[in-house]
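Chemist: mind looking at a prediction? Sequence and model below.
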Protein chains: 2
Amino acid sequence: MNLIEVIRKKRDRQQLSRSEISSFVKAYLTDSIHDYQMAAFLMAAYLNGLSEEETAALTEEMLFSGKVVDFSDIDRPKVDKHSTGGVGDKTSLLLAPLIASLGGCVPMISGRALGHSGGTLDKLEAIPGFNTQLSLDEFRKVVKTVGACIIGQTEEIAPADRRIYAIRDTTATVESIGLITASIMSKKLAEGVDALVFDVKCGSGAFMQTEEAALNLAKSLVHTAERMGKAATALITDMNQPLGYAVGNALEVIEAVEAMKGAAKTDFLGLCIELAARMLVLSRLATDLDQARLRAQEAIASGAALDKFRQMVEAQGADARFIDDYSLLPQSRYSCEVVSETTGYVKSIDTRKVGLIAMSLGAGRSTINDEINYAVGLHIEAKIGDYIEQGQPLCKVFYDEPQKIEAVKRQLLECYEIGFEAVAAPSMIKEVV
Amino acid sequence: MNLIEVIRKKRDRQQLSRSEISSFVKAYLTDSIHDYQMAAFLMAAYLNGLSEEETAALTEEMLFSGKVVDFSDIDRPKVDKHSTGGVGDKTSLLLAPLIASLGGCVPMISGRALGHSGGTLDKLEAIPGFNTQLSLDEFRKVVKTVGACIIGQTEEIAPADRRIYAIRDTTATVESIGLITASIMSKKLAEGVDALVFDVKCGSGAFMQTEEAALNLAKSLVHTAERMGKAATALITDMNQPLGYAVGNALEVIEAVEAMKGAAKTDFLGLCIELAARMLVLSRLATDLDQARLRAQEAIASGAALDKFRQMVEAQGADARFIDDYSLLPQSRYSCEVVSETTGYVKSIDTRKVGLIAMSLGAGRSTINDEINYAVGLHIEAKIGDYIEQGQPLCKVFYDEPQKIEAVKRQLLECYEIGFEAVAAPSMIKEVV
């Protein structure tokens, strides 16, 4: 097979066969196709799109470039959730133990913060001693004994995806539905799950800014999962404001633990219940959504979810006593409030900018090699629809570098739009695929 | 400047500024932009096109990545012709000395055969001793003393083009009007000419198969040349059959010499006169096309063009006696005729295939490293519109490998379509830009 012909066909909008995609990726992994040829293919795929068949073929090829975890000795249902990323999204920390406490297994391979978006691994690593770099064997063991485990992508998982992603990241070919789908799915399917729930974020803090783009990605993810024989569903959820209140790693761990302790209802907890309900129904751990929601709420009220979280934390090498004493988590040296300059209703929050501000404090990474400061971050005090008087706090800043704080405060004020007219809080779930 | 942003803008169909293109190419030449990033850019440029401004900026950047020959000490007009390549195109061999004999200077930097298409350098190298690898200094000297010199691209000419072309060649990004224009123009402008005539071939033996594609390229070439302050014109010419009669290096040298000796009129000589006339008018060596055609015909009739050719051959290191004794050129060991199996009119000739057959005999290259056999080739005995009887020759084959000849004869027969109805010979010049 002439592999330049594969690039040419994609360039000319011709359908690629499974074997053409397979040969091209295999040749890339054995260095008979060069990085620059892959880059040309990726740009052609970006601009001309990938069909569902092509996306599935690319997914499968990248998946089988590495190992797939074998959970055939566990008869409990294996299920996972994947979020497309946003600001303040700590749902995985709650969902994994919650589902495990209800009889499911959650073998979660997760990611790190980049740009305005946070990462589950960094949040967990805010817990002193928490090890996200388990081998696949250790991962299997924790999933088997505890029912939930959250680790980072290992060398053994989808190496083709890692190499291709590195190219995409520096060639402006990231935001492609087909390529995103294949990248996500090749890693998620390596977890050996039976079912997948996708949380596709949409809004000012999401990669997909419009509902249309989010819906296209959601459909692509669900259809590809189904083609690969997995039960799947996707929720398009609101990311026009940070999820919950905390933005920053240790702060988000505390918010997740508080939610598991049964603290006041928030949009964050509400989303967790909806995602958990889908995971339970897809796994046949509940017969319908209403029953599933109830079971999830009970697992939190009874403390079962928190118990499971404690077990997971210990199984992954950390001391779980921080759950009862947050002072054992990293603490920022300073904190201050940003107060509103006007009276009115919170009309909008530039969520991407909020994420970038948290990143600039040290909570995130602008490049993959940046170090994270686990203590710093933001606490959102006013959300969309809230009535706020002049001088009342919009958010609280936890920081270590006093020389930055005046600029940060000014930037945070710019994120908030306050209007005279009453505004409804945005609905969390915009669509279900 | 964020250079990934340059790729993204081209991807999103946004206009790139001169400084963005300049920074991107400069970064590539200093290795801060990698081959794979250039490849992504090239595919985006292929699929979304380059505007005239972008094409001119890319041309200029590639041009000034290398040297531009300085002919300011020669007060005669400097003019060149560029052909997009085809089968049997030996016009440069005649045009360069012809224009020099009429007071112009032709500093021609030319190319090699690849695929079905021949190359001027290979044709000249069929002449024992002919040196196409002069330094730019030697090149200047021959142009100054003789008025015409034909050499290959040196390391000093447009190195950016060489690197970028190597990427395009293996990423299916060759056939792009903007990229082809920048590649051609960056080399042609390095010759230090005042005027350029483009011969854009169109038809079954050309890279541009349709008149529309040829016209688009012609316009792009002429407009870019004019933006760079050069007088320019383009002819769209027929390549639905080999030009003239000879296909193959030594055979084409003989055909060019025969034409300069005043042999019978052919489509080849007709095209030469038309191209020469444009070169003379653009250079103000003639006041109008009619006068220019007359001057060109006279320069052939008087032997002035042939004299100049003889001088050029000697200045480039070869013995010119072959002009009067073709046996001094490489000779094939065998020859045979391919005869028509039917009686009728030649309706079409698959010219690309004819070129590939000549290549398979050894006259061309399938890859850039192949060695050329200068002696072998074809002599076309019947052209489109000719009436031919069963058993009469369609073409003659000059070959060195008898084991191939039966297959070659069969393939050549397949190139010819013979019909019952009379067919007009195609007109040589389809359009002028």
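Modeler: It's in.
Chemist: drop to CA atoms for contacts and neighbour counts, all remaining ones
Modeler: Will do.
Chemist: which residues does A:Leu16 contact?
Modeler: Applying Cα atoms under 8 Å, 6 or more residues apart in numbering or on different chains to A:Leu16 gives the contacts A:Val6, A:Lys9, A:Lys10, A:Glu54.
Chemist: pLDDT score assigned to it?
Modeler: pLDDT recorded at A:Leu16 is 96.
Chemist: how much space separates it from chain B?
Modeler: Between A:Leu16 and chain B the distance is 15 Å, computed by Cα to the nearest Cα, to the nearest Å.
Chemist: quick one: average confidence on stretch A:376-384?
Modeler: 96.
Chemist: what's in contact with it?
Modeler: A:241-242, A:244-251, A:331-332, A:345-349, A:358, A:361-363, A:388, A:393-400, A:423-426.
Chemist: what about A:Cys395, is that helix, strand or coil?
Modeler: Of the three states, A:Cys395 takes strand under DSSP: H, G, I helix; E, B strand; the rest coil.
Chemist: residues in contact with it?
Modeler: A:Glu337, A:Val338, A:Val339, A:Leu378, A:His379, A:Ile380, A:Glu381, A:Ala382.
Chemist: may I have the beta-bridge partners of it?
Modeler: Counting by DSSP bridges, A:Cys395 forms beta bridges with A:Val338, A:Ile380.
Chemist: A:Trp276 against A:Ser101, yeah?
Modeler: No, residue A:276 isn't Trp; it's Ala. No. Counting by Cα atoms under 8 Å, A:Ala276 sits too far from A:Ser101 to count as a contact (11.4 Å).
Chemist: run a quick neighbour tally on the nearest residue to A:Ile177 once chain neighbours are set aside.
Modeler: Nearest residue to A:Ile177 in three dimensions, chain neighbours excluded: A:Leu217, at 5.5 Å (Cα to Cα, 6 or more residues apart in numbering or on different chains). A:Leu217: 23 surrounding residues under other Cα atoms under 10 Å in any protein chain shown.
Chemist: where does chain A get nearest to chain B, which residue?
Modeler: Going by Cα to the nearest Cα, chain B is nearest to A:Tyr36 of chain A, at 3.6 Å.
Chemist: could you verify my assumption that that residue touches B:Asp35?
Modeler: Yes. The criterion here is Cα under 8 Å, and A:Tyr36 meets it with B:Asp35 at 5.5 Å.
Chemist: list the residues that contact both of those two?
Modeler: B:Ile167.
Chemist: rewinding a little: pretty sure the residue nearest to A:Ile177 is in a helix, no?
Modeler: Yes. Counting by three-state DSSP, A:Leu217 is found in a helix.
Chemist: spit out the contact partners of it.
Modeler: A:Ile177, A:Thr181, A:Val200.
Chemist: same deal with A:Asn2?
Modeler: Counting by Cα under 8 Å, 6+ apart, A:Asn2 has no contacts.
Chemist: picking up where we left off before, skip the chain neighbours and tell me the closest residue to the residue of chain A closest to chain B.
Modeler: Nearest to A:Tyr36 is B:Tyr36, by Cα to Cα, 6+ apart, at 3.6 Å.
Chemist: residue numbers of the stretch 51-200 of chain A in contact with chain B?
Modeler: When proximity is defined by Cα under 8 Å from any Cα of the partner chain, the stretch 51-200 of chain A lies next to chain B at A:Ile167, A:Thr170, A:Thr171, A:Ala172.
Chemist: quick one: the third one and B:Lys9 touch, right?
Modeler: Right, A:Thr171. No. Assessed by Cα under 8 Å, A:Thr171 is found out of contact with B:Lys9, at 11.2 Å.
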